[in-house]
Every structure is written in structure tokens, then in C-alpha cells.
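In: Following is a predicted model, sequence given first.
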Amino acid sequence: MKWIKKYFKYIWPFLLMVLSIGIASYINNKEREPVYAYKYPPSLIYNKEAVTPKIKLIREDSLLIEENVYITNIVLWNKGELPIDKDDIRLPIRFKMSGEGEILDFKIIDETHPEISKFKLVKDADCIKVDYQYFDPNFGLEIQLVYSGNDSSSVIVEGVVLDNSIKLVEPKTGKGDSLYLIIILFFMLLGTFIGIYFIITRKDYIVSKLLSGYIWEAQAIAAIKKIENNTISGFKIADLFYGLIMISALLFVFGYVIYKYYITYDLPL
């Protein structure tokens, strides 16, 4: 049991990190959680300032479009662990403009389970409502929208499911980041533990070697015994320094994990 007490101070940060991630994962589950993300950021497809006056853009109802026109793709899905029934909808799920402009065209590009979910988009005044048959966990759809406006205009998604409002999330990028981080972390910890173990178990040998160039080996061993009490404070400082480094590294890793797995999300489409 002594070795457990001796090395516990080196492993408790890892236990704390695992416990924190487990608690965060548990809290994050078991709810209905509709979210949306921009799969592709808005792209300008018609610049009113750059085209020749001879070219005119006409709406479906034959009215002239006098603003810039943009296109974007949005993915809407149920990130929670429970299905979203129609009775759970407190405010209809809808696409609408934020800022000036108007939605000119829209269509469903893809669905995760089209034969089950049966999503439909319905034009309603100045917004596009979402209708469906089933909205189970990880069910979703990708919508392409064309809209008029300016640089500050955008399409947003509104809606309330029980007490959860639909929120905008950040899609994940760099799918190899997690594996890369694990590899780097493994070698960093391996090197750290090897170094700490060597210093703890061979400190007498290290000091004797350092002194062997100046005094006899017997004198070095005797000197070690005399100065050991003085070196204890040095090793305490080293332990403190090591602890600060490990806590900083763990905070970085914890923040990275939270960002990658709880702030950014894999798109279902």
C-alpha cells in the first residue's frame, strides 16, 4: 500500500479528469436536443454592384431582385437521446431571416432516414416551417436555402422543444485531431513518468555520479547521507513544479476534449 500513497499524487489529476468527463457526459445525455449548424457558410452568388445593368435577376413572381443573393446549407438534427414528438413542440421549428432580406428558395438536400422521418418544408409568410413524421435521436436533414440581403443578413433556425430552444452549434473539423492528440499525450506522459521514476528511485546514484568527479566515491556516499535532508526540500520543489505542469497540461487536455466533444459536433449528414 505504500507505493499507492507514494505515487497517488502523480495519478490523481488523471482520475479527476476521467471523473469530470464522465460527469459531463452523463449530464449532456438523456434529453431532447434539437440543434443546427451551417454545413457551408453563406456564399455570394449574385452581387448587385458587380453585374452589368443589362443583367437582371427576377423572382419567381416576376419581381426584380435588387439586393445581393446568397446560398447556404444548414443541417438540423436531434442531438439528444430522446425522440422529439410533435406534442413536444412548443414553438414551431422554422427557418427565418436574421436582418434584412428574404428567403427566395429552399429545398431538402439530404436526410438521415427519409423513409421514416418524412421531413417536409412548408412556406409560411416570411419563414419556412419544418414538418415531419418522426424526429428520433440522430435523425436530421440538410437544407439548401437561397436568400437576398446584405453581408449582415443570415438564415437562422427558431423553435422550442419542451424547455429546450433550438441552438446553433459548431461543426467539427479536422477529424484526425483526436488521434493526433492521443498519440502526443501518450508519449508526453510516458516520458514524464519515466523521468519522474528515474529521479525518485535513482536520486542517490545521480548525486554520487555528480560528485564522483570531485571527491572519492566513499566520500560521495557519506556526503549524500549528510545532505539528504537538505535535498528533500529540493525534491519537494521539483514535485510542486511537476504538479503545476501536469495540472496545466490536464486543464489544456480537458478544455480540448470539452471543445471537441461538447461544443463542436459531428454532422449527421
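Out: Right, received. Where do you want to start?

In: just the helices in the protein please.
Out: Here the chain has its helices, by DSSP state H, at 2-28, 114-117, 177-201, 203-212, 217-258.

In: Give me the mean pLDDT for the second one.
Out: Taken as a whole, helix 114-117 carries a mean pLDDT of 95.

In: same deal with the longest one?
Out: In this model, helix 217-258 carries a mean pLDDT of 59.

In: right, and Gly149 touches Ser98 too?
Out: No: taking contacts as CB atoms under 8 Å, Gly149 lies outside contact range of Ser98: 9.2 Å. Quick note: C-beta positions are derived from backbone N, CA and C, even for glycine.

In: what pLDDT does the closest residue to Arg90 other than its chain neighbours get?
Out: Sequence neighbours aside, Val160 is the residue nearest to Arg90 in space, at 4.2 Å (criterion: CB to CB, 6 or more residues apart in numbering). Per-residue pLDDT puts Val160 at 95.

In: for Ile71, same thing?
Out: 96.

In: rewinding a little: next, count neighbours for the residue nearest to Arg90.
Out: 15 (other CB atoms under 10 Å).

In: swap in Ile55?
Out: 7.

In: can you check the one 3 residues further on too?
Out: Counted with other CB under 10 Å, the neighbours of Ile58 add up to 9.

In: Gly149 and Ser98: which has the busier surroundings?
Out: Remark: of Gly149 and Ser98, Gly149 carries more neighbours, 21 against 12, as counted by other CB under 10 Å.

In: Could you list the buried residues of stretch 115-127?
Out: Buried residues in stretch 115-127, counted by 16 or more other CB atoms under 10 Å: Ser117, Phe119, Leu121, Cys127.

In: what sits up against that stretch?
Out: Here stretch 115-127 makes contact (CB atoms under 8 Å, 6 or more residues apart in numbering) with 94-97, 102-103, 106-108, 111, 128-136, 139, 141, 143, 158.

In: hmm, back to that, what's the closest of the buried residues of stretch 115-127 to Arg90?
Out: For the buried residues of stretch 115-127, the residue nearest Arg90 by CB to CB is Cys127; the value is 16.2 Å.

In: roughly how far apart are the closest one and Val155?
Out: 10 Å (CB to CB, to the nearest Å).

In: Pull up the overlap in contacts between those two.
Out: Common neighbours of Cys127 and Val155, counting by CB under 8 Å, 6+ apart, are Phe95, Lys96, Ile103.

In: Flag the shaky bits of the stretch 1-150 of the chain, pLDDT-wise.
Out: By pLDDT under 70, the low-scoring segments of the stretch 1-150 of the chain are 1-30.

In: And the strands in it, which stretches?
Out: Using DSSP state E, counting those that start in this stretch, the strands assigned to the stretch 1-150 of the chain run over residues 34-46, 68-78, 89-98, 102-111, 120-124, 127-131, 140-149.

In: Which strands border the fifth one, and is each parallel or antiparallel?
Out: Meaning strand 120-124. Strand pairing for strand 120-124, using DSSP bridges, gives strand 127-131 (antiparallel).

In: With the first one instead?
Out: Looking at strand 34-46 with DSSP bridges, its paired strands and their directions are strand 68-78 (antiparallel), strand 167-168 (parallel).

In: likewise the fourth one?
Out: Taking DSSP bridges as the criterion, strand 102-111 sits next to strand 140-149 (antiparallel) in its sheet.

In: Name the residues that touch the partner strand?
Out: Under the criterion CB under 8 Å, 6+ apart, residues 39, 45, 65, 67-78, 95, 97, 99-112, 117, 119, 121, 128, 153, 155, 268-269 lie in contact with strand 140-149.
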